[in-house]
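Student: Got a predicted structure here, sequence first:
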Amino acid sequence: AQTVTQSQPEMSVQEAETVTLSCTYDTSESDYYLFWYKQPPSRQMILVIRQEAYKQQNATENRFSVNFQKAAKSFSLKISDSQLGDAAMYFCAYRDSNYQLIWGAGTKLIIKP
Amino acid sequence: GAVVSQHPSRVICKSGTSVKIECRSLDFQATTMFWYRQFPKQSLMLMATSNEGSKATYEQGVEKDKFLINHASLTLSTLTVTSAHPEDSSFYICSARDRAGAGSYEQYFGPGTRLTVT
């Protein structure tokens, strides 16, 4: 069975600085999707970025980018120029062949003004 | 973009009563809807997967007779918590998968429902 591990329960970063959130996963599948979701205090889940495993190029969405290392089964999220609005819980997720999402435990990101 | 609504956003009910939570895809047809439960400061726990017109598939440990799921149309799924007890108090989130199109690999999430059982 697939598993997703986020080893950082909490991270903090100074506003305008860069922070990297870690995620590792385990799977025997070769084709899959990986996601980073943001859950602010409102608790609405917001998709931050997605990565298709067969694509070698790392996904980028404005200030958000990933470092996808397929062989190492690592999928970290880099947030550049951190803003106060980035403060939230961040969840890494793996989509299995049944379209179900396997979730990491989450990382709480604190932005220091 | 794809929008999923949930109603109610908050509900308080007495122990022993039943409560229904609705999940609607507003601007797309949802082949599949997912129901999650989230405890404070924890990740999402998948409760069940429902496909339109068929019975829901429940995850291990989830009581199907207690958490009734109906997915009668491509835009509506309901979760009914029957004979609710205080331990059922939680945050319930639904998500929907687009039937077709470029977003077919993505789940769109509702805003969640806070259930409190007194």
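Tutor: Right, received. Where do you want to start?

Student: When you work out contacts or count neighbours from here on, use the C-alpha atoms and nothing else.
Tutor: Will do.

Student: Alongside chain A, which residues does chain B contribute?
Tutor: B:42-44, B:105, B:109-112 (CA under 8 Å from any CA of the partner chain).

Student: For those residues, could you give me a markdown table that also reports secondary structure?
Tutor: As requested, the residues of chain B next to chain A are exported to a markdown table (DSSP: H, G, I helix; E, B strand; the rest coil):
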| residue | secondary structure |
| --- | --- |
| B:Gln42 | coil |
| B:Ser43 | coil |
| B:Leu44 | strand |
| B:Tyr105 | coil |
| B:Phe109 | strand |
| B:Gly110 | coil |
| B:Pro111 | coil |
| B:Gly112 | coil |
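
Student: neighbours around B:His7, how many?
Tutor: B:His7 has 16 neighbours, counted by other CA atoms under 10 Å in any protein chain shown.

Student: re the thing from before, neighbour-wise, which one of the residues of chain B next to chain A leads?
Tutor: B:Gly112 (28 neighbours).

Student: nearest residue to that residue other than its sequence neighbours?
Tutor: B:Ile93 (4.3 Å; CA to CA, 6 or more residues apart in numbering or on different chains).

Student: The one you found is in contact with B:Tyr36, isn't it?
Tutor: Yes: in this structure B:Ile93 lies within contact range of B:Tyr36 using CA atoms under 8 Å: 5.0 Å.

Student: Pick out whichever of the two has more residues nearby.
Tutor: Ranked by neighbour count (other CA under 10 Å), B:Ile93 and B:Tyr36 place B:Ile93 first, with 26 against 17.
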